[in-house]
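In: Have a look; sequence and predicted model below, questions after that.
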Amino acid sequence: MNISTLRGALFTSAAIVCAVSSPVQAAAQTRQFAIDAQLAETAITQLGRQGDIQIIAARRLTHAVRANAVRGEMSVDEALARLLAGTGLVARRTGPGSYAIVARSAPQPTGHRAMTLTSLTAAPANATASQDAPIPASRAESEATTPDEPPAGSEILVTGFRATLAKAQDLKRRAVNLTESIMAEDMAKMPDLNLSESIQRLPGVAISREGGEGRNITLRGFSPDFTRTTLNGMEVPASSDGLDSGGFTINAGRAFDFHVFASELFNRIDVQKTQRASIEEGGIAGTVDLYSAKPFDFKGFHVVGSAQGGYNTITRKVDPRATVMVSDTFADDRIGVLLSAAYSKRTVYQEGLSSVRWTSPFVNGDSWADTNPTVTGTPEDCGAADRLDCLWAPRLPRADFFGNDQKRLGLTGSIQAKPIDGLTISLDALYSQLDNDRYSYNSMEWLLTHGTPGNFVGQTPLSFTVAPDGKQLVAAAFDDVTSWYESRHQTSTSKFRQFVLSGDYEVTDAIKVDAMVGKARDTADRSELRFYARSIPHYYSYDYSDNKDVATLDYGNYDPNDPGNFINATTAANRLNNVVKDNFTTKANVTFTKDRFTAQAGVAYNRRLVRYSEAQGDLPSYEPSDYMTSFPVSHFGSGVVSGGLPTFAVIDFDAIGASGLISPNYTTNVAAGWEVVEKTTGGFGEVTGEIDIGAMTLRLDGGVRWVRTDVESRAVIAGSPVEVKRHYDNLLPSFNAALNITPDLVARFAYARSMTRPGLASLNIAAPVFEYTTRTVSNLGNPALKPYLSNDFDLGFEWYFSKGGLFAVGVFKKNIISSLTTSVVQQSVPQEYWAAIYADPRYDASYQADPATAQYTFYSTVNSPDGNSVKGLEATLNVPFTFLPGLFSYFGIASNYTHVTARDSTGLSPNSYNFTAYYDTGNLGLRVSINKRDDYLLSEPGGNGHVQERKYGPTQVDLSAYYNLTKRLSLNVQGINITNEKERIYGTGDGSQYLVREFSKTGAQWFVGARYQF
């Protein structure tokens, strides 16, 4: 007899002995149960947790079956009987503390008599059980085989990554509205660097990256402002610093910066794609719900700890990443406490070459110096006096280095209590801090303006090589070019704090009340010190002939690394920026359940505040040679092009700091500061239920939500404080239908009226420009703006096949019936501004511009009935290869594809897909994920004469692997961006060109570590 067979025989014998000797004790022991009438899949899970037993139930049996409520103190056997009464399902004991759910007509296992729970009287708590406990036929077989090869015909235990897919699909399947979910494989085990990188794997989701890390999400083709984000039940803000190429320096808008949070703090993410009346308004694209762990999610004492070391192929540095979570329940599981912490350091170098946009002298309003350069090729005629002035050339060609040292800390705490039966109270707290210390160095050569050299501008053309299309200077050489070498030091800190107190009380079996109150505050501070060191005139050439993204550079005899070649330096920026976002939420709901229908009503109040401020420091000029040093990275650009990028001298910030050149004093720019407050009061009514249509089950949800929005916008204008108040009301109906055609086939339809409130930049009234001689107003926000409104339609089909397989396809259309546009409007000046105008020293009564009587011309944002139309298709295919023999049964794929079209396509990738291939036994796993999106529009028109400016849609490849050394200890390897994908922004010139603005890479990131759980 071999070892594995002997081990199986011993296990089987022990199980039989235990089953024979312990049923009386198990049946007699009583526990407290509190389970609602609900779908059997969820109810069985709850009973297993509350009864401290293991229950095995096949999804094909429990799907769409509704279980009964179970309340009070009773034995496990009695609770199971009550739960399953009238469902056609019964529970059979398979061992001490373990049960299997089978159909009532299922045959008894051969050679054993199983106790069948058919009614409350079938197994009273004080009865003596004499039945033998059945042992599944597959158990002995599974014990007699190797862990990596399942026996033929046996059920495969679903664990690891495959289990998370199955859990997420169960949530999608049971939801009456269209929902996508991500589940952590285990406590504190989200697989990515931050939340946006996890969410990108869902259909309809694409992310924008900055510095190699995901930052914002685009859902169903809409920009980030159109997606609402909640954390533990309340809407939350999150802001952080960014690069200039990201479009802003600090986020003061509605977009949620997901990279502020460590992914390990969360164990579940839901994306609500269709509306329900019970979902708060604000996200036309959808709502992202984030959930941190709570102690009642687990049972008893649990400790999880993990540690990793991360290596980046460009920085060549090793960074730490660690997580710990402790959870315990006690006092008969009526009190629970959970604490978790996640800490990481990350060194990121974003290296590359950029043009800072291309432009032509003709577009720029000037011309090349008349030096008769050697010209290869024929320039086209654009109407300029000299055809050479039609040629597009880089404005400020430069090598780029952005060096980021990041620290991310996350803490969560949760206390839960069940002081009486039916009442659960939770207090949840979350803290997150992201610190970034960034040094940026850019070797700009002055081609921004064209013409005779002098005063650090201009150049002398020597030779031009014209592209075959006659539109572009693919290569050029100049004399008398001035270097404007830029050195920047930026520090930023983003802090997020949230406290949520929530509770739910089951008044009766039919009535439930839940309520919550929460407060979240996010602060983002940023400081910037920027210098330009300007050089003596010198030779410079570039050549894009061999690489359209990275030019070959030549300085001739000039040495850009010699500080002596720089003769002037200016302080370009010395400023502080601060954004505070403060949210307060309170809401309460009451739910009434009768048979198969549930009615719910609720009220909610929100207060959202956003405050922006900035301060300005001194801007001295100085002699640069004493404050310059050599380039700080010896292998600069080696991960971008072969041989690397040319280095250059940079400002020594330590020397500047010790010199006293920069005063520590800052002056607040009062005129630039602003504050916007939104107060919303709303209520809803919703009915959910199900009816049978022959052999089919139709699940329905319908309701309406009403909300009033009060806006307060404040600023100081011409030294006078100004406050503008406006309000509006909205009524938002919604309807969802899910038809269970068969237990495995679901058809969906949804309609809703949804809304997204105007962007904060459109509401703030800071720094307007009043021109009294022309009676015009510009740069003035409009607090009277009403929201975007959309009529949303969804239709979809889902097929749940095999063991965890899913094929889903859906189409959607969102008709924006009210949007925003910039317009010229003749109107009276609102009275709130009169005092500021009268106090303005530039105002004079002789201009005949009295705001109380004169009409002004406003250049501002207004509401428009001309909206956008967004249409799309989403498809999902998840296939676990459990139908294959042997080792092949552990393989599988998880994939999805999205196609979206819109009239306004800003930020929209027409096509995107995600594909994951995995091998997972539960003890050993490997998966490779590919995420791809098409190029997308950044702006139209683009800057400097471009018809459009676009961003490259990257192909992100990630890898993850683990091996369980023991039940508690596992080793893991993760690879993020393992192909070192490029980041690229480009302009289209006259609409037909490809003119790179920025090209960079951030390197592949590898993590190796271990994880222990108890």
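Out: Happy to help now that I have it.
In: how about the strands in the stretch 51-200 of the chain?
Out: Applying DSSP state E, counting those that start in this stretch to the stretch 51-200 of the chain gives strands spanning 54-57, 66-67, 70-75, 89-95, 98-103, 116-117, 179-183.
In: pLDDT averaged over the lengthiest strand in the chain, what's the number?
Out: Taking DSSP state E as the criterion, the chain has its longest strand at strand 566-594. The pLDDT scores in strand 566-594 average 95.
In: Which elements pack onto it?
Out: Using 3 or more C-beta pairs under 8 Å, 6 or more residues apart in numbering; DSSP states H and E as the contact test, the elements touching strand 566-594 are strand 234-235, strand 483-506, strand 511-535, strand 597-616, strand 621-622. Yep, even glycine has a C-beta here, placed from its N, CA and C like the rest.
In: strand partners of the longest one, parallel vs antiparallel please.
Out: Spelled out, that is strand 511-535. For strand 511-535, the paired strands and their directions (DSSP bridges) are strand 483-506 (antiparallel), strand 566-594 (antiparallel).
In: cool, the fourth one as well?
Out: For strand 597-616, sheet partners with direction are given as strand 566-594 (antiparallel), strand 667-668 (antiparallel), strand 674-693 (antiparallel), following DSSP bridges.
In: number of nearby residues for Ile314?
Out: 24 (other C-beta atoms under 10 Å).
In: Determine which of the strands paired with strand 597-616 approaches Thr87 most closely.
Out: strand 674-693 (14.4 Å; C-beta to C-beta).
In: Run the chain-centre distance for the closest one.
Out: On the basis of C-alpha atoms, centre = their mean, to the nearest Å, strand 674-693 sits 23 Å off its chain's mean C-alpha point.
In: can you offset everything so residue one is 56?
Out: With the count now opening at 56, the last piece we talked about shows up as strand 729-748.
In: returning to what we had before: same list (the strands of the stretch 106-255 of the chain) but as JSON lines, adding mean pLDDT, mean neighbour count and distance to Gln224.
Out: JSON lines is the format used below for the strands of the stretch 106-255 of the chain (pLDDT from 0 to 100; neighbours: other C-beta atoms under 10 Å; distance: least, C-beta to C-beta, whole Å):
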{"stretch": "strand 109-112", "mean pLDDT": "84", "mean neighbour count": "17", "distance to Gln224": "16"}
{"stretch": "strand 121-122", "mean pLDDT": "84", "mean neighbour count": "20", "distance to Gln224": "20"}
{"stretch": "strand 125-130", "mean pLDDT": "82", "mean neighbour count": "18", "distance to Gln224": "26"}
{"stretch": "strand 144-150", "mean pLDDT": "83", "mean neighbour count": "24", "distance to Gln224": "21"}
{"stretch": "strand 153-158", "mean pLDDT": "85", "mean neighbour count": "20", "distance to Gln224": "19"}
{"stretch": "strand 171-172", "mean pLDDT": "31", "mean neighbour count": "21", "distance to Gln224": "29"}
{"stretch": "strand 234-238", "mean pLDDT": "88", "mean neighbour count": "22", "distance to Gln224": "8"}
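In: wait, which of these is closest to Gln903?
Out: That would be, of the strands of the stretch 106-255 of the chain and by C-beta to C-beta, strand 234-238, which comes in at 60.2 Å.
In: So which residues make contact with that closest one?
Out: For strand 234-238, the external contacting residues (C-beta atoms under 8 Å, 6 or more residues apart in numbering) are 219, 222-223, 226-227, 245, 253-254, 256-259, 322-328.
In: Wait, Pro279 touches Gly269, no?
Out: No: counting by C-beta atoms under 8 Å, Pro279 sits too far from Gly269 to count as a contact (11.4 Å).
In: list residues touching both of those two?
Out: By C-beta under 8 Å, 6+ apart, the residues touching both Pro279 and Gly269 are Ser263.
In: how near is Thr971 to Pro935?
Out: Distance of Thr971 to Pro935, given as C-beta to C-beta, to the nearest Å: 12 Å.
In: Among those two, which residue is more densely surrounded?
Out: Neighbours per residue (other C-beta under 10 Å) separate Thr971 from Pro935, with Pro935 holding more: 25 against 20.
In: Next one: that one relative to Asn1019, how far apart?
Out: 19 Å.
In: Repeat that for Phe281.
Out: Taking C-beta to C-beta, one finds Phe281 at 42 Å from Asn1019.
In: who's more crowded, the two?
Out: The neighbour count for Phe281 versus Asn1019, taken as other C-beta under 10 Å, is higher for Phe281 (27 against 19).
In: confidence score at Lys244?
Out: So Lys244 comes in at 54 (pLDDT).
In: cool, and Leu503?
Out: At Leu503, pLDDT is 94.
In: residues of the longest strand of the chain that come out buried?
Out: 621, 623-626, 628-642, 644, 646, 648 (16 or more other C-beta atoms under 10 Å).
In: And the helices in the stretch 406-555 of the chain, which stretches?
Out: 416-419 (DSSP state H, counting those that start in this stretch).
In: where do the strands sit along it?
Out: Counting by DSSP E, counting those that start in this stretch, the strands of the stretch 406-555 of the chain are 413-414, 429-431, 448-449, 453-472, 478-500, 515-521, 528-536, 538-561.
In: And the average pLDDT for the second one is what?
Out: What it means is strand 429-431. For strand 429-431, the per-residue pLDDT averages 96.
In: So which residues make contact with that strand?
Out: By C-beta under 8 Å, 6+ apart, strand 429-431 touches Leu443, Leu517, Ser518, Phe519, Thr520, Val521.
In: With adjacent residues omitted, what lies nearest to Asp707?
Out: Leaving aside its sequence neighbours, Asp707 sits nearest to Thr684 (C-beta to C-beta, 6 or more residues apart in numbering; 4.1 Å).
In: Identify the residues contacting Thr916.
Out: Contacts of Thr916 by C-beta under 8 Å, 6+ apart are Pro813, Ser817, Gly836, Asn837, Leu840, Leu875, Thr876, Thr877, Ser878.
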